[in-house]
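Show me the folded form of this:
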Amino acid sequence: MSQARLAELIQSKQAQIGVIGLGYVGLPLIRAFTAAGFRCLGFDVDQTKVDKLKAGKSYIKHIDSSAIKTLIEQKKFEPTSDMGRLGEADCIIICVPTPLNESRDPDLSYIEGTAKSIAETLRPGQLIVLESTTHPTTTRVNVLPVLEATGLKVGKDYFLAFSPEREDPGNPHFQAATIPKVVGGYDQASGELACAMYGFAVVKVIPVSSMEVAEACKILENTYRAVNIALVNELKVLYDKLNIDVWEVIDAAKTKPFGYQAFYPGPGLGGHCIPIDPFYLTWLARKHGEQTRFIELAGEINTHMPTYVIQRLGEFLNDAAKPVRGSKIALLGAAYKKDVDDPRESPSFELMKLLLARGADLTYNDPHVPTLPKMRHYPDLPAMSSQELTPGYLAAQDCVLIATDHSAYDYDFIVKHSSFVLDTRNATKNVTSGREKIRKA
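Down below sits the predicted model:
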């Protein structure tokens with residue numbers, strides 16, 4: 001009866017959707033489900049976030065405050081920090097962080113803590129779906145036992161599934177509702193219920209045979225990107241020594257209409273997924289006595305890129321008879337990718353750390369990050385605010401270091417007023433004036 005009743009609630013859109021974690025994954029999901037006609041409860045332990053949402057204010061750049069305000073006013077969305085209300089939701093979707101600890105092993109404390117909160121109010125007829133990116137077996141090994149301890153039976157009293165998030169912050173071409181959703185259930189009933197729920201909110205649902213297949217799918221997607229980015233980063237270092245422009249090489253290679261997909265070098269990896277998720281798989285492999293050599297080598301290459309950039313910067317300053325120590329350096333771009341306000345795992349923080357350790361007089365600009373947030377792995381970075389890109393500010397710098405390619409930047413203007421620009425990306429490719437001032441790192 002629990003399955004039939006929940007299926008009926010989902011089909012009639014009377015099921016209330018609960019989303020735990022109101023960040024870059026949770027909020028877009030709520031937008032997709034409310035647009036499909038469902039009411040949503042949003043849970044977050046950060047009271048500041050909850051208060052902002054209740055006031056109709058968004059703290060994520062690509063989600064308008066007006067959209068949040070409308071949902072609140074129409075009572076389609078209610079944010080709360082009260083985990084005791086989890087029992088009100090018919091379907092609960094977990095979107096909490098899955099970082100690495102200091103030894104680069106998976107930190108599942110957020111998932112496990114959330115599972116305990118759900119267990120406290122778990123009732124018959126609820127569907128629980130984990131979306132947080134993690135290694136295969138997490139849902140079965142780390143979530144299921146906590147829920148089973150309540151005495152309720154999975155597949156009979158309540159239902160369990162995994163469906164990996166596929167958000168791409170800042171990409172206007174894809175939103176949660178327009179990205180196909182992979183779904184793997186604990187059993188057939190759980191899978192069917194999860195597919196039915198997502199089927200109303202997203203463009204296409206892809207059912208797979210198990211939770212583990214769905215978990216492994218997400219890891220494969222991100223490992224594929226991490227390994228290929230490492231390849232072009234390694235080639236970039238080599239081609240620099242050969243005086244070959246790696247970006248021109250990539251542009252030439254991508255004219256091949258089959259068998260090639262373009263990836264681009266940069267100052268390191270950023271975002272919550274690509275720098276982190278592959279290491280979940282290396283950890284799992286070690287537990288099973290296996291090695292993941294491609295992944296570990298890719299991680300080594302990508303992690304080294306900020307150091308390589310600073311080495312190149314030091315060489316170029318040395319050519320101008322200037323040391324890094326005492327030089328005025330402006331870093332452009334604190335977020336990990338263009339036109340977003342998401343600083344998670346941004347290589348810019350590692351660049352800042354390395355420059356400050358070498359005694360640079362450092363400032364930064366990012367139109368989407370007005371003040372430098374406190375980051376878990378960089379607690380000692382000083383408080384800084386984004387500086388305005390005026391002609392005087394740029395002219396006063398010994399080096400302008402482009403770390404992120406923001407469309408808000410006028411690169412002709414930056415090059416015109418700067419004595420030396422070091423580009424870690426492809427940002428200045430189309431700049432025609434002042435080319436002698438641009439160096440590629």
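
use CA for all of it now, contacts and neighbours both
OK.

Surely residue 332 and residue 368 touch.
No - with contacts counted by CA atoms under 8 Å, residue 332 stays clear of residue 368, the gap being 11.1 Å.

ok, the two, which is more surrounded?
The neighbour comparison of residue 332 against residue 368 (other CA atoms under 10 Å) goes to residue 332, with 24 against 19.

give me phi/psi at the more buried one?
When read as degrees, to the nearest 10, the backbone of residue 332 gives phi -100, psi 120.

what sits against it?
Residues near residue 332 by CA atoms under 8 Å, 6 or more residues apart in numbering: 364, 365, 366, 400, 401, 402, 403, 404.

Out of those, which end up buried?
Among the contacts of residue 332, those classed as buried by 16 or more other CA atoms under 10 Å are 364, 365, 366, 400, 401, 402, 403, 404.

Adding pLDDT and distance to residue 284, write those out as JSON lines.
As requested, the buried ones among the contacts of residue 332 are exported to JSON lines (pLDDT from 0 to 100; distance: CA to CA, whole Å):
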{"residue": "364", "pLDDT": "97", "distance to residue 284": "38"}
{"residue": "365", "pLDDT": "96", "distance to residue 284": "39"}
{"residue": "366", "pLDDT": "94", "distance to residue 284": "37"}
{"residue": "400", "pLDDT": "93", "distance to residue 284": "41"}
{"residue": "401", "pLDDT": "93", "distance to residue 284": "38"}
{"residue": "402", "pLDDT": "91", "distance to residue 284": "36"}
{"residue": "403", "pLDDT": "90", "distance to residue 284": "33"}
{"residue": "404", "pLDDT": "86", "distance to residue 284": "33"}
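
Just give me the closest of the residues you listed to residue 382.
residue 364 (11.9 Å; CA to CA).

Look up the closest residue to the closest one, ignoring the ones flanking it.
Among residues not flanking residue 364 along the chain, residue 331 sits closest, at 4.5 Å (CA to CA, 6 or more residues apart in numbering).

Correct me if wrong, but the one you found is in a strand.
Yes - under DSSP: H, G, I helix; E, B strand; the rest coil, residue 331 falls within a strand.

contacting residues around residue 362?
With CA under 8 Å, 6+ apart, residue 362 has these contacts: 328, 329, 330, 331, 352, 355, 356.

and the longest helix for this protein?
Across the chain, the longest stretch assigned as helix under DSSP state H is helix 211-241.

Could you give me the buried positions within it?
With burial defined by 16+ other CA under 10 Å, the residues of helix 211-241 counted as buried are 211-219, 222-223, 225-234, 236-237.

ditto for stretch 290-310
Going by neighbour count (16+ other CA under 10 Å), the buried part of stretch 290-310 is 295-296, 298-299, 301-303, 305-310.

which other residues reach it?
Contacts to stretch 290-310, defined as CA under 8 Å, 6+ apart, come from residues 223, 226-227, 229-231, 233-234, 266-269, 275, 278-279, 281-282, 285, 347, 350-351, 354-355, 424, 441.

Show me which of the buried ones among the contacts of residue 332 is closest to residue 378.
residue 364 (15.9 Å).

so which strand or helix has the closest one?
Per DSSP states H and E, residue 364 falls inside strand 361-365.

after that strand comes which helix or strand?
Where DSSP H and E defines the elements, the next helix or strand beyond strand 361-365 is helix 391-395.

Just give the strands next to whichever helix or strand comes after that following helix in its sheet, each with its orientation.
Using DSSP H and E, the helix or strand that follows helix 391-395 in sequence is strand 399-402. Under the criterion DSSP bridges, strand 399-402 sits next to strand 328-332 (parallel), strand 421-423 (parallel) in its sheet.

Perfect, I'm done here.
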